[in-house]
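Undergrad: mind looking at a prediction? Sequence and model below.
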Amino acid sequence: MSVTRFHGPVTSSRKCCRFGGFTPALLALVAACSLLVSPAQAHEEHGTTFKAPGATIYYEVFGSGTATPLFVANGGPGFDHMYLHVSDAWDTLGRNRKIVMWDQRGTGRSGTLKPGQSCTLADQINDLDALRAHLGYDKIDLLGHSWGGFLAMAYAARHPGHIERLIILDSAAPRWKDTLFLFRDVFPEVTAKEDNYGFVADLNEKDSAEARDAATQLYESMLFYSPEHRDEFLAKMKDDREYYEINRDLNRDIARFDLNPEIRKFRFPVLVGCGRYDMNVAPVIAYRIHLAIPGSQFVVFERSGHMPFFEQPGKFVSVVNAFLSGAAISP
């Protein structure tokens, strides 16, 4: 998205969490975009950087308590974590545990990629594991939103021994190309305008950047259940930025992987959730992920689009706290 857009082959005009390529449908999944200004007045950013193998990574740790720390993987690919702070749900969750967020390599305060520096799924997994080790945690709870859900599943498959509990929220499909987008079916007039901007953006002329920004605004307008939340988010995210080279590189690499065989092996507690009106990733994707993971729990946020933590923060906090404490979640 800009707030986490997943997009399959998408057009470069889309900004948030996108799936590979640059087509309007694919750009949509990245619904969790990045913010270059502080979006939530209640949250104060106090992050720092560390040297991971092959990259400098910016991260922040906030909250208190002795419960297992919750790492939150934001959407994209190609956005930093700041869009998450449009909601104060994370600060509320931080009353019981440490919350860890980071800017994925090549984005935000982690800095742009240097010549020859790679950005693959393996790099993203290794950066997360390096951050875990840097902070001295053996076991972590991990929540992935949108593209971050795919990253979280991949990390859990690679390092199951470090996962205590896993939350997969409005995630891309375990096989990237299987992700379903509903924008064209529900918002045909908006996607038509978006396509027009996408054509100009892909020409790479002097007005292309402006066209990309306009297309991003259209994309973000389709992510919400509530018009009021839509308007609030668009106002707070007006200065977001997408790192197109990161989106491009990861989309190319991620297309090689099918995580379906891996998620069937998960034996730690898993919660899969989605907004009932998520147009960026059709809710059926979350349900299929739930069916594939033995013993997983499933929850639908009935008055949410792609970002339940923003549209239904009270229920989101209640559900996440209950799951992380070992309670059963009502469907």
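TA: Sure thing, it's come through.
Undergrad: so where's this protein uncertain?
TA: 1-42, 331 (pLDDT under 70).
Undergrad: spell out for me which residue occupies the centre of it.
TA: When Cα atoms, centre = their mean is applied to the chain, the residue found nearest the centroid is residue 75 (1.8 Å).
Undergrad: that one in helix, strand or coil?
TA: Assigned by DSSP: H, G, I helix; E, B strand; the rest coil, the conformation of residue 75 is coil.
Undergrad: can you map out the strands along the protein?
TA: With DSSP state E as the criterion, the chain has strands at 3-5, 30-32, 48-52, 55-63, 67-73, 97-103, 140-145, 163-169, 270-275, 297-301.
Undergrad: before we move on, back to that, so the residue nearest to the centre of the chain touches residue 145, yeah?
TA: Yes. Here residue 75 reaches residue 145: they are 5.2 Å apart, a contact under Cβ atoms under 8 Å. Just so you know, the C-beta spots here come from the backbone N, C-alpha and C atoms, and that holds for glycine as well.
Undergrad: what is the burial count for residue 235?
TA: 10 (other Cβ atoms under 10 Å).
Undergrad: and the gap between it and residue 220?
TA: As judged by Cβ to Cβ, to the nearest Å, residue 235 and residue 220 stand 11 Å apart.
Undergrad: do residue 142 as well
TA: 26 Å.
Undergrad: do residue 241 as well
TA: Distance from residue 241 to residue 220, by Cβ to Cβ: 13 Å.
Undergrad: give me the more crowded residue out of these two.
TA: The residue with more neighbours, out of residue 241 and residue 220, is residue 220; 28 against 19, by other Cβ under 10 Å.
Undergrad: so how far is residue 62 from that one?
TA: Counting by Cβ to Cβ - residue 220 and residue 62 are separated by 26 Å.
Undergrad: equivalent analysis for residue 248, please.
TA: For residue 248, the distance to residue 62 - Cβ to Cβ - is 32 Å.
Undergrad: what about those two, which has more around it?
TA: Counting neighbours by other Cβ under 10 Å for residue 248 and for residue 62 shows that residue 248 has the greater number, 19 against 16.
Undergrad: who's in contact with the closest residue to residue 296 other than its chain neighbours?
TA: Closest residue to residue 296 apart from its sequence neighbours, by Cβ to Cβ, 6 or more residues apart in numbering: residue 270 at 4.0 Å. For residue 270, the contact set (Cβ atoms under 8 Å, 6 or more residues apart in numbering) comprises 165, 166, 167, 168, 293, 295, 296, 297.
Undergrad: quick check: residue 192 vs residue 208, distance?
TA: In terms of Cβ to Cβ, residue 192 sits 19 Å off from residue 208.
Undergrad: same question for residue 272.
TA: Counting by Cβ to Cβ, the separation of residue 272 from residue 208 is 38 Å.
Undergrad: of the two, which one has the most company?
TA: Higher neighbour count among residue 272 and residue 208: residue 272, with 27 against 17, using other Cβ under 10 Å.
Undergrad: that's all I had, so thanks and see you.
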